[in-house]
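Peer 1: Predicted structure and sequence below. I'll ask about it afterward.
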Amino acid sequence: MSAADPPTSAEREREEAERSLALAAEAGIHRLRIPTPFQVGRVNAYLIEDSPLTLLDSGPNSAKAMDELEQALAALGHAVEDLELLIVTHQHIDHFGLASILARRSGAEVAALDLLAPYLASFSAEAESDDRFAEAIMLRHGIPREVVTALRAVSASFRAWGSPVQVTRPLAHGSELALRDRTLRVLHRPGHSPSDTVFLDTSRAILLAADHLIRHISSNPLLARPLRAGADAAGTPAPALERPPALLTYLASLKETRAMELSLVLPGHGEPIVDHAALIGERFRLHERRAEKIRRLIVSGPATAHEIAHALWGNVAVTQAYLTLSEVLGHMDLLLADGRAREEESDGVVRFRAA
C-alpha cells in the first residue's frame, strides 16, 4: 500500500480494536485471549487490575487454556495465586471451566448470578439434565433418533471441559459489586443462555458483556432449561413440552442493552464494540429477515423444525444439529408471536405451517 492509499476496511477495524483495547487497559481492564477446543475459537477473559484483583471468566478446563492463561497473567506481572476474585458470566464451559482450579490455587472468591450458583455447584448433574432436555426437544421437533444419540455422546464428551465450582459470592440482578477503584453493576441479560450476566463499570460506561453481544457473529440463543433456584435445582429436568422462547427473551434483553449509554462493550469473543446501539439494530433486522425466510419455506406446507433447518443449511455436522434447531425454533417463536405461523402436533412431533 502506498502512502496515498486509504486504509482498507480490515485495517480500520484492526486500528479501532487496538484503540479500544488500549482504552480498556488504561482503565485497568486487560483482555486475555484463551484457547478453546470449540468452533467459536478463543474466549476473552478479562483481568481487572483493582482490589480485589479480579478475573472475569477463565476459559475451558484444559492444560492448554491454563498454560496460556498463566502466560497472559505473567505478561501483566501477575500469577494465578494473586487472583482474589473470579467472576463467572454464564453457564457455558468455555467461560467457567477453569474457575474451580483457579479458586483452589488462589483462594479467590467466586462470584456469579445467584440463579446460576446451584448450576455451577452441581455442574455434572445439571449437564446431564441439559442433555435429557435437549434430547426431548430434538425428538419432538423431528431430528432422527440416531442423530440425537450421536449428539448426546458428543455432548457428554464435552463435559470434561467444564468443572463444578462453588459460588461464594452470589450476585442479585441489579446489585453492585464494589471494587476499590470502580463499581460493577450486575445485570441479568438472559437469551444466549438463561444465565447471561453483564457487568457495567459504572464510572467508565464500559460493559463487560460476555456472549450477550458479539461483534463478528450473532449470538445464538440456545434452547436451554430454565434456571432453577434452590437446593433441588440440580438434576431436575424441565418438562419436555416446556420450550423456553430463547430468541424472544434474547431480543428483550438486547432492547435493554440498546437503551444504555455506553462508551465501550468488551465481548466474550472477538473484538470490542464501540457502537452497540447500531450493532443491536442490525441484529434485530437480521432476525426479522431470517424469520421471514423461514415463513416462506412453510407457505407450501407444514414442516418440522428439523426439516426447515435442512432446507436452510442442508446436512450439517452432528455437533451443529442442536444449534440449527435452536435457530429455527427461535425464529418460529417470532412468527408464532405475531400470528404469521401456527404450530401443530401429531404423534408427539411438532410441525409448523404459515398462518
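Peer 2: Looks like it arrived, so ask away. All figures in this text were calculated on a predicted structure; none of them were measured in a lab. Numbers count the residues shown, from 1 in each chain.
Peer 1: where does the stretch 1-150 of the chain dip in pLDDT?
Peer 2: In the prediction, the stretch 1-150 of the chain carries residues with pLDDT under 70 at positions 1-4.
Peer 1: let's go with 90 and repeat that
Peer 2: When the per-residue scores of the stretch 1-150 of the chain are filtered using pLDDT under 90, the ranges that remain are 1-13, 39.
Peer 1: Can you show me the helices along the stretch 151-300 of the chain?
Peer 2: When secondary structure is read from DSSP state H, counting those that start in this stretch, the stretch 151-300 of the chain shows helices at 246-258, 276-297.
Peer 1: Can you name the element that comes right after the last one?
Peer 2: Read it as helix 276-297. Past helix 276-297, heading to the C-terminal end, the next element that is a helix or strand (DSSP states H and E) is helix 305-313.
Peer 1: then that following helix to PDB, C-alphas only?
Peer 2: Output of helix 305-313 as PDB, limited to C-alpha atoms (Å, rounded to 0.1, in the frame of the first residue of the first chain):
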ATOM      1  CA  ALA A 305     -38.100 -27.600  12.700                       C
ATOM      2  CA  HIS A 306     -35.500 -30.200  11.600                       C
ATOM      3  CA  GLU A 307     -36.900 -30.200   8.000                       C
ATOM      4  CA  ILE A 308     -36.800 -26.400   8.000                       C
ATOM      5  CA  ALA A 309     -33.200 -26.400   9.200                       C
ATOM      6  CA  HIS A 310     -32.300 -28.900   6.500                       C
ATOM      7  CA  ALA A 311     -33.900 -26.700   3.800                       C
ATOM      8  CA  LEU A 312     -31.900 -23.700   5.100                       C
ATOM      9  CA  TRP A 313     -28.500 -25.300   5.600                       C
END
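Peer 1: what's the distance between it and the middle of its chain?
Peer 2: A distance of 23 Å separates the centroid of the chain from that of helix 305-313, by Cα atoms, centre = their mean, to the nearest Å.
Peer 1: what angle sits between it and helix 276-297?
Peer 2: Angular relation of helix 305-313 and helix 276-297 on a 0 to 180 degree scale: 110 degrees, by axes from the mean of the first three to the mean of the last three Cα atoms, to 10 degrees.
Peer 1: Give me the contact list for helix 305-313.
Peer 2: Under the contact criterion Cβ atoms under 8 Å, 6 or more residues apart in numbering, helix 305-313 has outside partners 138, 141-144, 293-294, 297-298, 303, 316, 321, 324-325, 327-329, 332, 350, 352. For glycine as for every other residue, the C-beta is placed from the backbone atoms N, C-alpha and C.
Peer 1: Of the helices of the stretch 151-300 of the chain, which is nearest Leu47?
Peer 2: Put simply, out of the helices of the stretch 151-300 of the chain the one that sits nearest Leu47 is helix 276-297, at 22.4 Å, with distance taken as Cβ to Cβ.
Peer 1: Now do the closest one: which elements does it pack against?
Peer 2: Using 3 or more Cβ pairs under 8 Å, 6 or more residues apart in numbering; DSSP states H and E as the contact definition, the elements that helix 276-297 packs against are helix 246-258, helix 305-313, helix 321-337.
Peer 1: now that helix, how far from the centre of its chain.
Peer 2: Once both centres are worked out by Cα atoms, centre = their mean, helix 276-297 turns out to sit 19 Å from its chain's centre.
Peer 1: cool, stretch 199-215 as well?
Peer 2: From the chain centre to the centre of stretch 199-215 is a distance of 13 Å (Cα atoms, centre = their mean).
Peer 1: From start to finish, how long is it in a straight line?
Peer 2: Stretch 199-215 stretches 17 Å from its first residue to its last (Cα to Cα, to the nearest Å).
Peer 1: List the buried residues of it.
Peer 2: Residues 199-201, 204, 206-215 are the ones in stretch 199-215 that count as buried (16 or more other Cβ atoms under 10 Å).
Peer 1: Also stretch 38-45?
Peer 2: Using 16+ other Cβ under 10 Å as the test for burial, stretch 38-45 gives 42-45.
Peer 1: repeat for stretch 297-309
Peer 2: Neighbour-count burial for stretch 297-309, with 16+ other Cβ under 10 Å as criterion, is recorded at 297-298, 302-309.
Peer 1: average pLDDT for that stretch?
Peer 2: Stretch 297-309 carries an average pLDDT of 96.
Peer 1: need the contact list for Thr89.
Peer 2: The neighbours of Thr89, taking Cβ under 8 Å, 6+ apart as the test, are 56-57, 95, 112, 196-199, 208, 210-211, 268.
Peer 1: Restricted to strands, list those.
Peer 2: Using DSSP state E, the subset of the contacts of Thr89 located in strands is 56, 112, 197-199, 208, 210.
Peer 1: Reformat those as TSV; add distance to Ile101.
Peer 2: Conversion of these to TSV gives the following (distance: Cβ to Cβ, whole Å):
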residue	distance to Ile101
Leu56	16
Ala112	16
Thr197	21
Val198	25
Phe199	22
Leu208	22
Ala210	20
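Peer 1: returning to what we had before: out of the buried residues of stretch 38-45, who's nearest Arg283?
Peer 2: With Cβ to Cβ as the yardstick, the closest approach to Arg283 among these comes from Asn44, at 19.1 Å.
Peer 1: That closest one belongs to a strand?
Peer 2: Yes: with DSSP: H, G, I helix; E, B strand; the rest coil as the criterion, Asn44 is part of a strand.
Peer 1: partner residues bridging it?
Peer 2: Here Asn44 sits in beta bridges with Arg33, as judged by DSSP bridges.
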